[in-house]
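Enquirer: turn this into a structure:
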Amino acid sequence: MKEGVIFLEKKFWMKIKAGRERYVFIDRIIRSHSAIYTDFQKNDVGTDPDLSDVYNETGGRLFWNKNIADYIESDDIVALSSIYLFDKDTLFCDEKTNSRGIIVLNNNQYSNENDVFEIHVQEIDEDQKYFQGWKHKLFEPVFSNKHCNALIINDKYLCNKGYMNPALKEILDLLLPYETDMPFHLSVFSEINSNGDSIFNDIKDAVLSVRSQNFVNNTLFTLCYTTLHDRFIISNTFLITVGAGFALFNNKGKPQNSTAIKLLYPTAIGQKTEYNLGIKKTKEINDRTLNFWGDRINRLFDLVD
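Expert: Just a heads-up that it's a prediction; the model follows:
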């Protein structure tokens, strides 16, 4: 099993000076249960009691003398699934975030970031209407400003009626980047009872309707038949789940059931079991099924090899 790590630059760490801010930061990286790669030297631990606490509380998951810049350009899945805490200017961080589909934060961005180290849960009430479905403003904290270079979307009810549910187009429009400097990998798992060829083409057309032809040309598409009950969206950076599924709203924005949608970043939050299990299950389906359309390639599967 491979997992993303937290890359922590010494200069970033040294800029966190306020007692309360440092306490919260230390607690977050300890609770992440992720390996922490730093450019600290091992003898630095003796001069910084807080660093010593991190080393002791993580059971030695703090790794020294790592040149973080060597990883940020890497196409290895560990590097692409990691979080980078860098003392770089915002232009640098934003460029890497957008072009690589990864999470890169400087100190100011970290201070303003509300969800990377938190779990976000939004309740959905069946007695309410949510005009525009998943594009309703209530769901912006879940879907807005998410960065990724690969997606697995699993919901057996998104394609089970012989056509692509409109909710899938909404989700793609919300989550797909506008451009990346590497091929994007998109895998959709759903129950396909008929019209598989047509549904596969509809997915590609849906992406073309919300992104450029160049993005489509640079995307590897997969559609696989599955009856897996879990409903989730997995990327190299985040996990989104919804109990009642993503095909939730009717054409008037009314949900079929009361439910909740949850967003978390597994590398930051320490809850990797559900994330890894979702990748493992879909990889097994992807490897074994005879009912598929497209490339059957997704870099996320490398995490569970």
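Enquirer: separation between Gly294 and Phe184?
Expert: 13 Å (C-beta to C-beta, to the nearest Å). To be clear about C-beta, it is placed using only N, CA and C from the backbone, and glycine gets the same treatment.
Enquirer: joint contacts of those two?
Expert: Leu220 (C-beta atoms under 8 Å, 6 or more residues apart in numbering).
Enquirer: of those two, who's got more company?
Expert: Phe184 (22 against 17; other C-beta atoms under 10 Å).
Enquirer: quick one: contacts of stretch 55-68?
Expert: 7, 9, 29-30, 33-42, 44-45, 51, 54, 84, 86.
Enquirer: try it again with 6 Å
Expert: By C-beta atoms under 6 Å, 6 or more residues apart in numbering, the list of residues contacting stretch 55-68 from outside reads Phe7, Glu9, Ile30, Ala35, Ile36, Tyr37, Asp39, Phe40, Gln41, Lys42, Val45, Val54.
Enquirer: likewise for stretch 35-53?
Expert: Contacts of stretch 35-53 (C-beta under 6 Å, 6+ apart): 5-10, 26, 55, 61-64, 66, 68.
Enquirer: and the pLDDT for Phe40?
Expert: We have a pLDDT of 93 for Phe40.
Enquirer: what kind of secondary structure is it in?
Expert: coil (DSSP: H, G, I helix; E, B strand; the rest coil).
Enquirer: that one: neighbouring residues, count only.
Expert: Neighbours of Phe40 (other C-beta under 10 Å): 22.
Enquirer: do the one 3 residues further on as well
Expert: Taking other C-beta under 10 Å as the neighbour definition, Asn43 ends up with a count of 8.
Enquirer: tell me the confidence at the nearest residue to Ile192 once chain neighbours are set aside?
Expert: Nearest residue to Ile192 in three dimensions, chain neighbours excluded: Tyr225, at 4.9 Å (C-beta to C-beta, 6 or more residues apart in numbering). pLDDT, Tyr225: 98.
Enquirer: got it, and Glu113?
Expert: 70.
Enquirer: tell me the phi and psi of the nearest residue to it once chain neighbours are set aside?
Expert: The shortest distance from Glu113 to any non-neighbouring residue, by C-beta to C-beta, 6+ apart, is to Leu105 (6.1 Å). Leu105 adopts backbone torsions of phi -130, psi 130, taken as degrees, to the nearest 10.
Enquirer: from Ser74, how far out is Leu105?
Expert: With C-beta to C-beta as the criterion, Leu105 and Ser74 are 18 Å apart.
Enquirer: pick out whichever of those two has more residues nearby.
Expert: More crowded of Leu105 and Ser74, by other C-beta under 10 Å: Leu105, with 20 against 12.
Enquirer: distance check, the more buried one against Phe86.
Expert: Distance from Leu105 to Phe86, by C-beta to C-beta: 7 Å.
Enquirer: how about Ile124?
Expert: From Ile124 to Phe86 the distance is 36 Å (C-beta to C-beta).
Enquirer: let me know the pLDDT of Thr47.
Expert: At Thr47, the model reports a pLDDT of 85.
Enquirer: distance from stretch 297-305 to the middle of the chain?
Expert: Relative to the centre of its chain, stretch 297-305 is centred 14 Å away, using C-alpha atoms, centre = their mean, to the nearest Å.
Enquirer: show me what counts as buried in that stretch.
Expert: Under the neighbour-count criterion of 16 or more other C-beta atoms under 10 Å, stretch 297-305 has Asn298, Arg299, Leu300, Phe301, Asp302, Leu303, Val304 buried.
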